[in-house]
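Visitor: sharing a model that was predicted from the sequence below.
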Amino acid sequence: MFIKRTKKRTKSGSYFNHLLVESVMTPKGPRHRVVCSLGSLAPAPREEWLALAHRMSAALAGQTELVPDARVESIGERLRARASPTTETGKHEGELVSVLIDKVGTEMPREAGPVHVGHQMWRRLGLDEILAAAGMSERARLLTEVMTLNRLIKPSSEHAMPDWIRRTALDDILDADFSSLSDDSLYEHLDRLHPRREKIESALAERERTLFNLDNTFYLYDLTSTYFEGECPVNPQAMYGYSRDGRPDCKQVVVGLVLDQDGFPKAHEVFDGNRTDRTTLDEMLEALEKRTGKKSGCTVIVDRGMAFDDNLEQIKKCHHHYLVASRQGERDEHLQDFEGEEGWTEVVREPSPANSGQRKTPVFVKKKLTEDELYVLCWSEGRVQKDRAIREKQEKRLLSDLAKLRARISNGRLKQEPKIHEAIGRLKERYPRVARYYEMTFDAQTQTFSWQEESARKERAAKLDGTYLLKTDRKDMTDTEVWRTYALLTRVESAFRSMKSPLMERPIFHHLKHRVQTHIFLCVLAYHLLASVEKSMLDRAIHTSWETVRQQLSTHQVVTVVLPSDTGEVLRIRKGSTPELVHREIYDALRIPEQVMTPRITWSST
């Protein structure tokens, strides 16, 4: 052994590091192997380095000195603390070892089950190959995987992510060293990943289509919003707008997501926070064509927020079909058909994996054909109570606000007629569902404000509780097929719930536009893994959610078993714990191996 001085360069300058090195023979000739780092300070004057190295070599071989050397003992303790996790080839091979039972223990327990499933799904989707084809290095692919698994299993910020990674069995399962991983590396990786998002998403969509034999003819499109913490002054997409999160006080972005009928993402886009739903359709249709290559013949399913005539023309212009929920005014025109007792068909809705315990609710549907479109009238008993409760709640709030407005006018706190009409308009905008049942008038001569209930309109609305109207240009479909196809749109809502809750897409702490977009992209990647798990379980007739699977697997761990022998040496075996029955059932359903890692055996003197 000998001591070697090396020069390290950093952004802030350079420094010297001292290494304890030994010469070893390899197939390519003699090479230097670093035994340990002694730090930046010289362990002794240079002329004493060789003698110090010899004493350290003797000490490591078990020899003791007549006069103890503090430097040798200090370095020896550091070496024992950093005992190498590699097994000496052939050492104790085939031998029987006597173990001191009362000193047997375990070390470094790490959560392995959810990480193991996520990694296996990552491999099954061929994401390493997809990322490599997108021009990403091995290290970049590794970082993308661990950041995606973090969002899938226990979402955290880039600042907290390295600590989470080191608390899991990721280094054992991926056979990688994350001891020096920093949050700066993760932030920089977001910048490298950003320009490759579209290419990765496109290749992944094609991979899933062939792997799971997915139907490529129905696409579900919906939008949600996700809000920021902070003002985000440098992100032009961060705007105030209609918040689906109940946070109108925060800036936000709008996220559009397209799924296929099996719940797999096909395309996503990030829009300005003040974009309205109907203005995004053109861009999403273009993105869908780029990601999937489908230029015609698909059926696009959208919610009533995009049920305007110009939106439907946009879909037809792209040579696709549409299926939408009609707007309320159009539904009201079919009151007579809803009241008729003939022609209704009962349909029972199957619960989704995320709501496997949900009660099956029957829905009644009726078909009505026109020259250009097929209408399907839908009535749900369970929805009657919901519609009635929403209307009564809004009506109570409206009447309370009307009384407050009248008090402000009668007390003289609100006098100007334009301001009064503006306040009335705001109330109509705030309570659109029930404001139409009341005629509101202001008499400028007497300075009085009053309102009158329109009973006929209110009774008409009550008759339509629990009803909604679907329409499509696919006249070849039955009423049951139309309803079941439209019901798939709830999968987008479920995807948004998953991205916002277990995958923790919100709130966003990034302020730069490209990092926000990459953060959302990682959430979408994690949702691909989630959808793959749930689809694999459904294919085995198991209705369960990823959240349930994750919780059940959290008790499967990787541990180091410590076995002290009677010779003074310690045997350490790093391996996965024996899977419990629930673990084995999940692994069997997902068709992945029960063994989470190859066991590693090491010997040390302590």
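Guide: Arrived safely.
Visitor: only C-alpha atoms from now on, for both contacts and neighbour counts.
Guide: OK.
Visitor: the stretch 351-500 of the chain: helices as residue ranges?
Guide: Secondary structure of the stretch 351-500 of the chain (DSSP state H, counting those that start in this stretch): helices located at 381-410, 417-430, 432-435, 455-463, 479-487, 490-500.
Visitor: redo these as CSV? Include distance to residue 227.
Guide: Formatted as CSV, the helices of the stretch 351-500 of the chain follow (distance: least, C-alpha to C-alpha, whole Å):
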stretch, distance to residue 227
helix 381-410, 26
helix 417-430, 22
helix 432-435, 25
helix 455-463, 35
helix 479-487, 27
helix 490-500, 11
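Visitor: out of the ones you listed, the one nearest residue 278 is which?
Guide: Judged by C-alpha to C-alpha, the one of the helices of the stretch 351-500 of the chain that comes nearest to residue 278 is helix 490-500, at 16.7 Å.
Visitor: just checking, what packs against the very next helix or strand once past that closest one?
Guide: Downstream of helix 490-500, the first helix or strand assigned by DSSP states H and E is helix 513-539. Counting contacts by 3 or more C-alpha pairs under 8 Å, 6 or more residues apart in numbering; DSSP states H and E, helix 513-539 packs against helix 113-124, helix 138-153, helix 183-193, strand 265-272, helix 490-500, helix 546-553, helix 581-590.
Visitor: at 6 Å instead, please
Guide: In this structure, helix 513-539 packs against helix 138-153, with contacts taken as 3 or more C-alpha pairs under 6 Å, 6 or more residues apart in numbering; DSSP states H and E.
Visitor: buried ones in the helix it packs on?
Guide: 140-153 (16 or more other C-alpha atoms under 10 Å).
Visitor: can you check stretch 412-422 too?
Guide: Buried, per 16+ other C-alpha under 10 Å, within stretch 412-422: 414, 420.
Visitor: what's the straight distance from one end of it to the other?
Guide: 16 Å (C-alpha to C-alpha, to the nearest Å).
Visitor: which other residues reach it?
Guide: The contact list for stretch 412-422 (C-alpha atoms under 6 Å, 6 or more residues apart in numbering) reads residue 408.
Visitor: mind running it again at 7 Å?
Guide: In this structure, residues lying in contact with stretch 412-422 by C-alpha atoms under 7 Å, 6 or more residues apart in numbering are 408-409.
Visitor: for that stretch, what is the distance to the chain centroid?
Guide: The chain centroid and the centroid of stretch 412-422 are separated by 49 Å, computed with C-alpha atoms, centre = their mean, to the nearest Å.
Visitor: try stretch 325-335
Guide: 36 Å.
Visitor: any stretches of the stretch 501-606 of the chain with poor pLDDT?
Guide: Within the stretch 501-606 of the chain, the stretches with pLDDT under 70 are 501-506, 606.
Visitor: wait, I meant the chain
Guide: Across the chain (using pLDDT under 70), the flagged ranges come out as 8-13, 15, 24-29, 39-41, 43, 57-95, 349-360, 499-506, 606.
Visitor: re the thing from before, quick one: which of the helices of the stretch 351-500 of the chain is nearest residue 264?
Guide: Nearest of the helices of the stretch 351-500 of the chain (C-alpha to C-alpha): helix 490-500, 9.1 Å.
Visitor: in the closest one, what counts as buried?
Guide: Buried residues in helix 490-500 (16+ other C-alpha under 10 Å): 491-500.
Visitor: would you mind measuring the gap between the ends of stretch 36-48?
Guide: 18 Å.
Visitor: what helix or strand is residue 301 located in?
Guide: Since the elements are taken from DSSP H and E, residue 301 ends up inside strand 299-302.
Visitor: which is the next helix or strand following that strand?
Guide: helix 309-317.
Visitor: which element follows that next one toward the C-terminus?
Guide: strand 321-325.
Visitor: partner strands of that next one, parallel or antiparallel?
Guide: strand 299-302 (parallel), strand 467-472 (antiparallel) (DSSP bridges).
Visitor: got JSON lines for those strands, with distance to residue 16 too?
Guide: Output for those, formatted as JSON lines (distance: least, C-alpha to C-alpha, whole Å):
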{"stretch": "strand 299-302", "distance to residue 16": "64"}
{"stretch": "strand 467-472", "distance to residue 16": "73"}
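Visitor: pipe these into a markdown table and attach distance to residue 537 and mean neighbour count per row.
Guide: Below are the strands paired with strand 321-325 laid out as a markdown table (distance: least, C-alpha to C-alpha, whole Å; neighbours: other C-alpha atoms under 10 Å):
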| stretch | distance to residue 537 | mean neighbour count |
| --- | --- | --- |
| strand 299-302 | 25 | 24 |
| strand 467-472 | 31 | 23 |
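Visitor: out of the ones you listed, flag the one nearest residue 124.
Guide: That would be strand 299-302 among the strands paired with strand 321-325, by C-alpha to C-alpha, at 28.6 Å.
Visitor: ok, and what's touching that closest one?
Guide: With C-alpha under 7 Å, 6+ apart, strand 299-302 has contacts from 217-222, 320-324, 486.
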